[in-house]
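Peer 1: Quick one, what's the 3D model for this:
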Amino acid sequence: MAFFNTQPPCGIQPPYVNPAVPFSGTIQGGLQEGLQITIHGIVQPFADKFAVNFQSGFSGNDIVFHFNPRFENGGYVVCNTKQKGHWGPEERKMQMPFQKGVPFELCFLVQRSDFQVMVNKNFFVQYPHRVPYQLADTIAVSGALQLSFITFQPPGIRPVHQPPMTQTVIHTVHSAPGQMFHTPGIQPVVYPNMSYPIPLFTSIPNGLYPSKSIIISGTVLPDAQRFHINLRSGMDIAFHLNPRFNEKAVVRNTQINNSWGPEERELPGNMPFTRGQSFSVWILCEVQAFKVAVNGQHLCEYYHRLKNLPDINSLEVAGDVLLTHVQT
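Peer 2: The predicted structure is shown next:
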């Protein structure tokens, strides 16, 4: 479960984290021009098809946009619209941008005249509106998928001059108490490649504060020994999260003046990371401690040893992982 589920202010919507498939969720305020919805997940090895629907309500009788990759006959994608239970003519693109067993990023941008669809930062298809897009207030995902999260980027957040389908972006995320939302006006860091550099070093604008969230998603390498996530304050490491596969442990610690403190290793269950599998780590900063969830499940609390939260202003990720999404 996510850490919080309260409604955000001003119609800005928090992500759905690790939703079970089939999934249906409300789009707060409905579709609007400029809204960008991004889905991160992985296609199951046995998949024959999956679908993403932008629809009116939960019945599935009125679907503004049906996006339906099918792996049969070499693979193709069907786009369509359903009105009052009746499908219109199919539009097929005889190309398959998804691979079974491989993580993907699927992005839908609502434009005045059509939907623009990008897969792994590359433009894939445009689908002209057949009915008013404002009718859609629900997103539904079905098929053989494992979802990491679904994020909502309101109009005006993406920099005007940023090409939307050729770059990887580290989004800046700020939170009000009990909430998580994108803050306009701060330029994100842009990397030109589809994957993030390892090791990754990036700033946390304005440092940490209670209710601040950081999300890191990626895939553990098949032969991984260990990796780490560090929240840094200058040369010190305020929070060190260190999965070690040979020890089947997730070590937590703090380093001050090049000296490590006592390790924390206790876990509520089994090792939450698996070699060769995707993961999503959610770190929530609270007044007394960090709360950490992995793949939507609570992992641990780590009480602050460095108390000046605004000075904790950089993120480091290194080790045997590939990163697909980072929000600081």
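
Peer 1: make it CA atoms for all contacts and neighbour counts henceforth
Peer 2: OK.

Peer 1: mind showing which ranges of the stretch 51-200 of the chain have poor pLDDT?
Peer 2: 156-195 (pLDDT under 70).

Peer 1: And the strands in it, which stretches?
Peer 2: With DSSP state E, counting those that start in this stretch as the criterion, the stretch 51-200 of the chain has strands at 63-70, 76-83, 86-87, 91-93, 103-110, 114-119, 122-128, 138-143, 145-153, 168-170, 173-174, 181-182, 189-191, 200-203.

Peer 1: Gln277 is nearest to which of those strands?
Peer 2: strand 103-110 (9.2 Å; Cα to Cα).

Peer 1: and the angle from that closest one to strand 122-128?
Peer 2: For strand 103-110 against strand 122-128, the angle by axes from the mean of the first three to the mean of the last three Cα atoms, to 10 degrees is 40 degrees.

Peer 1: Reformat the strands of the stretch 51-200 of the chain as JSON lines; add mean neighbour count.
Peer 2: Shown next, in JSON lines, are those (neighbours: other Cα atoms under 10 Å):
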{"stretch": "strand 63-70", "mean neighbour count": "22"}
{"stretch": "strand 76-83", "mean neighbour count": "19"}
{"stretch": "strand 86-87", "mean neighbour count": "12"}
{"stretch": "strand 91-93", "mean neighbour count": "13"}
{"stretch": "strand 103-110", "mean neighbour count": "21"}
{"stretch": "strand 114-119", "mean neighbour count": "20"}
{"stretch": "strand 122-128", "mean neighbour count": "16"}
{"stretch": "strand 138-143", "mean neighbour count": "20"}
{"stretch": "strand 145-153", "mean neighbour count": "21"}
{"stretch": "strand 168-170", "mean neighbour count": "21"}
{"stretch": "strand 173-174", "mean neighbour count": "22"}
{"stretch": "strand 181-182", "mean neighbour count": "22"}
{"stretch": "strand 189-191", "mean neighbour count": "13"}
{"stretch": "strand 200-203", "mean neighbour count": "15"}
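
Peer 1: Glu286 is nearest to which of those strands?
Peer 2: That would be strand 173-174 among these, by Cα to Cα, at 13.2 Å.

Peer 1: that older thread, put together CSV for the strands of the stretch 51-200 of the chain, with distance to Arg265 on each row.
Peer 2: Shown next, in CSV, are the strands of the stretch 51-200 of the chain (distance: least, Cα to Cα, whole Å):
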stretch, distance to Arg265
strand 63-70, 42
strand 76-83, 46
strand 86-87, 54
strand 91-93, 50
strand 103-110, 29
strand 114-119, 38
strand 122-128, 41
strand 138-143, 37
strand 145-153, 25
strand 168-170, 30
strand 173-174, 29
strand 181-182, 31
strand 189-191, 33
strand 200-203, 24
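
Peer 1: now for the ones you listed, which one comes closest to Phe279?
Peer 2: Of all these, strand 145-153 sits nearest to Phe279, with 7.4 Å by Cα to Cα.

Peer 1: what does the closest one rub up against?
Peer 2: With Cα atoms under 8 Å, 6 or more residues apart in numbering as the test, strand 145-153 has contacts from 12-21, 35-44, 47, 50, 182, 217, 279-280, 295.

Peer 1: Mind giving me the ChimeraX select for those, buried ones only?
Peer 2: In ChimeraX, this line selects whichever of the contacts of strand 145-153 come out buried by 16 or more other Cα atoms under 10 Å:
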select :12,13,14,15,16,17,18,19,35,36,37,38,39,40,41,42,43,44,47,50,182,217,279,280,295
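
Peer 1: Just the contacts of strand 145-153: which are in strands?
Peer 2: Under the assignment DSSP state E, these contribute 16-17, 36-43, 50, 182, 217, 279-280 to strands.

Peer 1: about what we covered before: out of the strands of the stretch 51-200 of the chain, which comes closest to Val321?
Peer 2: strand 200-203 (10.8 Å).

Peer 1: Give the pairing partners of the closest one; include direction for each.
Peer 2: Partners of strand 200-203 in the sheet, by DSSP bridges, are strand 314-319 (antiparallel).

Peer 1: for stretch 64-84, how far is the first residue from the last?
Peer 2: Using Cα to Cα, to the nearest Å, the end-to-end distance of stretch 64-84 comes out at 11 Å.
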